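Undergrad: When you get a sec, could you give me coordinates for this:
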Amino acid sequence: MYRWIVLFVLLYPLMIYRYDDPLFYFTYHITGYDEIKSQYLWEFAALLCVVSSIRILMRKPLQPVDHSRVIWVLSGGFVLFVLLSSLFSVDPTLSLAGKSGRYEGLYTWASYLCLLVFSYYFIAVRHMNVILHAITWGSVPVCVYALLEHWHLIPLRNANAVYQSRSSAFFSNPNFLGTYLMIVFLIALYLLLKARKRSVMTLLYVLIIMQFVSMLYTYTRSAWIAACIGFLALSFSVWKRRSHIRRWTALSVLLLIALLAVQIWDPYPVLGRALSIAGEAGELLSENAGFAGSSRGYIWQETWPLIPNYAWLGSGPDTFHLVFPDDPVAKERYLGNASIVVDKAHHEWLHMIVTLGIPAWLIHMLLIFVPIFLILRTRKESAASPSYPLALILVLVILAYQLQAQMNISVVTVSPFTYILLGMLWRIALQQYPSPHMFCLWQGKRREPDTTAAASS
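TA: Presented below is the predicted three-dimensional model:
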């Protein structure tokens, strides 16, 4: 069953064609990728549910794994609150599939949780490196397309008319592409450290440089910050362990050369945009806080007062644009367009609290941070386990994703990857504990670390 997920992560970035209209790509508006990818996501999640049901009816057990009820309690509780939020939404019909151009409704949230649970069951530790390789090498056509797109060499569509020279590839928006590239970049760094064959190392060097330059060409500062912190964390690990220092030094030099080359030859210098991060961070504390973060400050200021009104069940999935204050004067001042529709909070947690409610957000936080807590809690005892480095890179990627989400938001074109990685992390984490329910995780005796080695590259 894990091979189905391998196929999904390989093909999902390229799912830009409607199967009933193969020429749809040439005429479709740039935001159409969200619609197309969401349809494939819903269908794949439904397929996993059907296949699993058939296996259960045929009395074929799911992948054997020592698991706790916590994964079912949290996943089921979250879906229940999303369902209630949809039923009591300000627009229940809209909350099912989501707003056009976003499609973050009930169907999508349920699909995310399906990916998490089935990744937990179907991906054994020995197969996890296969998933990581599939995610990494699946980025090759995305990077090639993004590089060509930046230099206006793509004949299929003129995305640059919308985003100038910011690459968006198959992700509808440069910010979304930047988030995707941040994920695959960090995973590729881990695979480089684990690589044993010189040929694989050489290919990974080339791919990492492509991912890095493509990420620069998105001009997505939140992705840059998360990727930089992830790179520094891995650099500290390499220095502390005194392992693979030569290959890491070579990579650092190559990345520096790539950065300088982009800065010299690109008509839109990246260093200037990078240096603007500090200035805009300071602007949050000034009288012009509304202009900070490309006017994200204004959206955050207007979103906070909405929380008391939608604290329990939220306004409904993907209904942020219906409850955000419609103030043409303020929009004209901060966003430059009085008629613009603000359909997201540009802050993952804030957006989730307003649209889904505080209980759903809290459960979602538990889904993310409980396995991270369990992994870090056993870091001394599990350091010798072959699966521990794998668990740490999963923790790093998920934390980096949450970091960039404080300035962006999850979208259907990228989020499936994070829920698959989260399901893998849950599998490693819960194998350390025999406790049958969540409240014993902090008291029960720890299981011996998993001794199943992850497949080497």
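
Undergrad: number of nearby residues for Glu43?
TA: Other residues near Glu43 come to 12 when the count uses other CB atoms under 10 Å. C-beta: built from backbone N, CA, C; applies to glycine.

Undergrad: List the contacts of it.
TA: With CB atoms under 8 Å, 6 or more residues apart in numbering as the criterion, no residue contacts Glu43.

Undergrad: What helix or strand is it located in?
TA: helix 32-57 (DSSP states H and E).

Undergrad: what's the average pLDDT for that helix?
TA: Regarding helix 32-57, the rounded mean pLDDT is 85.

Undergrad: Then stretch 255-269?
TA: Rounded mean pLDDT across stretch 255-269 is 85.

Undergrad: for the helix or strand immediately after the helix holding Glu43 in the chain, the distance to its chain's centre please.
TA: Once the chain leaves helix 32-57, the next helix or strand it forms, by DSSP H and E, is helix 70-87. In terms of CA atoms, centre = their mean, to the nearest Å, the centre of helix 70-87 is found 20 Å from the chain centre.

Undergrad: which helices and strands does helix 70-87 pack with?
TA: Where contact means 3 or more CB pairs under 8 Å, 6 or more residues apart in numbering; DSSP states H and E, helix 70-87 is packed against helix 92-97, helix 106-122, helix 348-356, helix 358-377, helix 415-430.

Undergrad: Only the buried residues of that helix, if you could.
TA: Buried residues in helix 70-87, defined by neighbour count with 16 or more other CB atoms under 10 Å: 70-71, 74-75, 77-79, 81-86.

Undergrad: element containing the residue nearest to Asp327 when sequence neighbours are not counted, please.
TA: Of all residues not flanking Asp327 in the chain, Glu302 sits nearest, at 7.8 Å (CB to CB, 6 or more residues apart in numbering). Element membership for Glu302, per DSSP H and E: helix 292-303.

Undergrad: Other residues contacting that helix?
TA: Counting by CB under 8 Å, 6+ apart, 280-281, 283-284, 289-291, 324-325, 327, 330, 334-335, 342, 345-347, 350-351, 354, 407 sit against helix 292-303.

Undergrad: Mind listing what's buried along that helix?
TA: Buried-residue list, helix 292-303, by 16+ other CB under 10 Å: 292-300, 302-303.

Undergrad: follow-up on the earlier one: which two of the buried residues of helix 70-87 have the greatest separation?
TA: The distance between the two most remote of the buried residues of helix 70-87 (CB to CB) is 24.5 Å, for Val70 and Ser86.

Undergrad: ok now whichever helix or strand comes after the helix holding Glu302, how far from the chain's centre?
TA: Counting by DSSP H and E, the next helix or strand C-terminal to helix 292-303 is helix 320-323. Relative to its chain's centre, helix 320-323 lies at 23 Å (CA atoms, centre = their mean).

Undergrad: Mind listing residues that contact helix 320-323?
TA: Counting by CB under 8 Å, 6+ apart, 90-91, 94, 99, 306, 309-310, 315, 341-345, 351, 354-355 sit against helix 320-323.

Undergrad: go on, stretch 49-62?
TA: With contacts defined as CB under 8 Å, 6+ apart, stretch 49-62 is touched by 1, 4, 114, 118, 121-122.
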